[in-house]
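Engineer: Sequence and computational prediction follow.
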Amino acid sequence: MKPIIKKVNLARLSSGDELGLQLYQFVGNHPGEKIYIQANLHGAEIVGNVVINELFHWLSQLEADQLAGEIWLVPACNPLGMNQRSHFFSPGRFNSYDGVDWNRIFWNYEQQHSHQIETFAQQYLNAPRETIYKDYLQTIQNAFDQQKQFKDYASSVPYWCHYRNCLQSLCLDAQHVIDIHSSSNQGINFFFGFPGRTEQAKSFLLDIGILVEQPEGLTFDEAFINPWLSLEKAFANRGRSINFDLASWTLELGSGMTANQQSVATGVQGIKNYLAQQHVVDVAKFPLAETNHHNITWVNKKQIKKYYAPTGGIIQSYPPLKSNVVAKETIYQLLQFNKESGEPELIEVTAEESGIIFDVGTNQAVNEGEYVLSVLEL
Ligand SMILES: [Zn+2]
């Protein structure tokens, strides 16, 4: 099966070059759901591009008869963030014009229209599920188009606003959205998921999931799913249980500025398995037999404790990722030249609670108050 390949123009640069996205659309012979997968929203988090490349070749080898619905792939989805450099490093997590995190900019229907969601649920309380889905999607689409039109005014809109409109216009009508990230530092593989979707989550075969129970609403995954979760809740409050079978995932695959082979393999296998489990692809051996017994340790964000340097120095003896830490025992050492006529000092920092090493900083030289590592307290 050959994909349809499209270019999406993002912005004309001062040099006259055009900044754009590449979109690969695989369209099956059978009707089905739309899956949207993107990578590299944060500049240093390149691993997802390699995952998308593997999915691209895998899907290309399938027959169109093996695919129900459509799979859209967008690698390098934030060219401005990805190309940003400071010496050898990729600091493109934040928009350099306004300092805002590239994953806190998205348009969320729910945030401006919560009152309308209640009215909608009331009005459609006894309507068939399909009608509700179709009409609500149209309502979201209309509101999205309305805010998008400011781009065409003479006063126009800032780049971040135009950029988010471009990305979201690709996935507003999808049923499943997968946004592939990694740590900016050195991290383990895990993912973010939403309530009511924990059974589907097993397909990714990842061991640790963060359940997003109180979304802020501005991240890519939240902006997609929140309006639907709110509608489900509005129906539940009126006594009708309804699940639209829409899902949004953020996969966090290992470390920044690298595409670790093991993280790539884990991500590729998980996404293939997910697509098979959702009956989007029909391929031998998938879904994998272990899917149903796969055990996920669900945690919340508060269980991830970040450690900041108590004083400036050079980190010695970092514990390896996923290793156990024990409360009150040494977690790392800090070498300090105090410049107060004293000898070099080795400062021991102990763990506050027991858990596992979840993430460690790439730069082992830290000023006081800089990020050192994170412990997942279990
Ligand atoms: Zn990220």
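Structural biologist: Happy to help now that I have it. Numbering: from 1, shown residues only.
Engineer: what helix or strand is Gln111 on?
Structural biologist: Element membership of Gln111, judged by DSSP states H and E, is helix 109-112.
Engineer: Would you mind listing the buried residues in that helix?
Structural biologist: Tyr109, Glu110, Gln111 (16 or more other Cβ atoms under 10 Å). Placement of C-beta: from N, CA and C, glycine included.
Engineer: could you dump those residues to TSV with pLDDT and distance to Phe220?
Structural biologist: TSV is the format used below for those (pLDDT from 0 to 100; distance: Cβ to Cβ, whole Å):
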residue	pLDDT	distance to Phe220
Tyr109	97	14
Glu110	95	14
Gln111	93	14
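Engineer: need those residues in TSV with distance to Glu130, can you?
Structural biologist: Shown next, in TSV, are those (distance: Cβ to Cβ, whole Å):
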residue	distance to Glu130
Tyr109	20
Glu110	22
Gln111	26
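Engineer: Between the residues you listed, which sits nearest the ion?
Structural biologist: Gln111 (21.0 Å; Cβ to the ion).
Engineer: quick one: the helices in the protein?
Structural biologist: Using DSSP state H, the helices of the chain run over residues 47-61, 79-83, 109-112, 114-123, 129-148, 159-171, 198-201, 220-237, 261-277.
Engineer: residues contacting Pro215?
Structural biologist: Contact analysis of Pro215 by Cβ atoms under 8 Å, 6 or more residues apart in numbering lists Phe194, Glu222, Asn226.
Engineer: and if you look at Asn165?
Structural biologist: Here Asn165 is in contact with Trp107, Phe144, Gln147, Lys148, Lys151 (criterion: Cβ under 8 Å, 6+ apart).
Engineer: State the pLDDT value of the residue of the stretch 1-150 of the chain found nearest the ion.
Structural biologist: Closest to the ion within the stretch 1-150 of the chain is His42: 3.6 Å, counting by Cβ to the ion. pLDDT, His42: 98.
Engineer: same question, Lys339
Structural biologist: 86.
Engineer: So it versus the ion, what's the distance?
Structural biologist: Counting by Cβ to the ion, to the nearest Å, the gap from Lys339 to the ion is 37 Å.
Engineer: now Ser323
Structural biologist: 23 Å.
Engineer: Now do the contacts for that residue.
Structural biologist: Shown in contact with Ser323 (Cβ under 8 Å, 6+ apart): Ile356, Ile357.
Engineer: any idea how far Phe88 is from it?
Structural biologist: Counting by Cβ to Cβ, to the nearest Å, the gap from Ser323 to Phe88 is 28 Å.
Engineer: Equivalent analysis for His162, please.
Structural biologist: Using Cβ to Cβ, His162 is found at 30 Å from Phe88.
Engineer: The two: who's more crowded?
Structural biologist: Remark: of His162 and Phe88, His162 carries more neighbours, 15 against 6, as counted by other Cβ atoms under 10 Å.
Engineer: Could you pick out the residues of this structure near the ion for me?
Structural biologist: His42, Glu45, His181 (Cβ under 5 Å from the ion).
Engineer: re earlier: if we ignore the residues flanking it in sequence, what's nearest the residue of the stretch 1-150 of the chain closest to the ion?
Structural biologist: Excluding its sequence neighbours, the residue lying closest to His42 (Cβ to Cβ, 6 or more residues apart in numbering) is Arg93, at 4.7 Å.
Engineer: Show me what stretch 45-57 is in contact with.
Structural biologist: Applying Cβ under 8 Å, 6+ apart, the external contacts of stretch 45-57 come out as 3, 24, 37-40, 71, 73-76, 82, 90, 180-184, 251, 253-260, 263-264, 267-268, 271-272.
Engineer: Among those residues, name the ones in strands.
Structural biologist: If you go by DSSP state E, those have Tyr24, Ile37, Gln38, Ala39, Ile71, Leu73, Val74, Ile180, His181, Leu251, Leu253 in strands.
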